[in-house]
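Peer 1: Dropping a prediction and its sequence here:
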Amino acid sequence: EVQLVESGGGSVQPGGSLRLSCAASGFSFSVYWMAWVRQAPGKGLEWLALINPSGSESGSVDSVSGRFSVSRDNGANSLYLQKDILRADDTAVYYCARGKDGSFDFWGQGTLVTVPS
Amino acid sequence: QSALTQPPSASGSPGQSLTISCTGTNSDVGSYNYVSWYQHHPGKAPKLLIFEVTKRPSGVPDRFSGSKSGNTASLTVSGLQADDEADYYCCSYTGGYSYVFGTGTKVTVL
């Protein structure tokens, strides 16, 4: 069974940093693209970042480029999102998702990050 | 990259059909057949309904169907059921390892 479990969320002061993790199991993690998506309170889904199977290529949305970086450890079956210079509008539930055929076919339950204003 | 445009809400009675539109540009929906649709019940993980414009993953009922014309994609839900009440999002590849989601549509089953 495919499972994605996010962790690392919590409350962090503005300007602070946080590293989210996503533990993958039930599939060959090293052959899949992986992504991060977030949902702010009362808002819609926002795609954040994508990384290729080897970790050599990635992309991110302009609003977080330079502040967030995505990485992965295929040996540990884990995906990461390093978030720096956090702002109040980064408050959201952060999901990791598996990429397949130009879509995201499995998602984790999400982890909540709160940045007080 | 601006979010794809979806109607904020849609509704229908059980057994009826409804269609949700997703309007982008010729830089996203109009250029790629990597349009997908997701169902999101609050507090749960989003669920993939449609990928590559028209394809359904294993386990998704054929009541859900997708299409695209030009810069607009659509999701049709036939035979509405109470459990279809959820938020629905479209998503498109935009090139250069990037994607964009739609603004979301809240579906109410009357």
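Peer 2: Yep, it's here.
Peer 1: Please make it C-alpha for all contacts and neighbour counts, starting now.
Peer 2: Will do.
Peer 1: for chain A, what are the nearby residues on chain B?
Peer 2: By C-alpha under 8 Å from any C-alpha of the partner chain, the residues of chain B that approach chain A are B:1, B:34-36, B:43-48, B:51-52, B:89, B:91, B:93, B:96-104.
Peer 1: Buried ones among those residues?
Peer 2: B:34-36, B:45-48, B:51-52, B:89, B:91, B:93, B:98-104 (16 or more other C-alpha atoms under 10 Å in any protein chain shown).
Peer 1: Now the terminal residues of stretch A:51-59, how far apart.
Peer 2: 7 Å (C-alpha to C-alpha, to the nearest Å).
Peer 1: Other residues contacting that stretch?
Peer 2: A:29-35, A:49-50, A:70-72, A:74, B:96-98 (C-alpha atoms under 8 Å, 6 or more residues apart in numbering or on different chains).
Peer 1: and if we set it to 7 Å?
Peer 2: For stretch A:51-59, contacts defined as C-alpha atoms under 7 Å, 6 or more residues apart in numbering or on different chains pick out A:30-35, A:49-50, A:70-72, B:97-98.
Peer 1: hey, which helix or strand in chain A has the poorest pLDDT?
Peer 2: strand A:58-60 (a mean of 91; mean pLDDT, DSSP states H and E).
Peer 1: for chain A, which residue is closest to the average position?
Peer 2: residue A:36 (3.2 Å; C-alpha atoms, centre = their mean).
Peer 1: Pull the contacting residues for that residue.
Peer 2: A:47, A:48, A:49, A:50, A:94, A:95, A:96, A:97.
Peer 1: Excluding covalently adjacent residues, which one is nearest to the fifth one?
Peer 2: Read that as residue A:94. residue A:38 (4.3 Å; C-alpha to C-alpha, 6 or more residues apart in numbering or on different chains).
Peer 1: And for the third one?
Peer 2: Excluding its sequence neighbours, the residue lying closest to residue A:49 (C-alpha to C-alpha, 6+ apart) is residue A:60, at 4.1 Å.
Peer 1: tell me the contacts of the one you found?
Peer 2: A:48, A:49, A:50, B:98.
Peer 1: For the contacts of residue A:36, name the two members farthest from one another.
Peer 2: Using C-alpha to C-alpha, the two most remote members of the contacts of residue A:36 are A:50 and A:94, lying 13.5 Å apart.
Peer 1: Excluding chain neighbours, what is closest to residue B:40?
Peer 2: Residue B:40 sits nearest to residue B:46 (C-alpha to C-alpha, 6+ apart), 4.4 Å away.
Peer 1: okay but the one you found is in contact with residue B:39, surely?
Peer 2: Yes - with contacts defined as C-alpha atoms under 7 Å, residue B:46 counts as touching residue B:39 at a distance of 5.7 Å.
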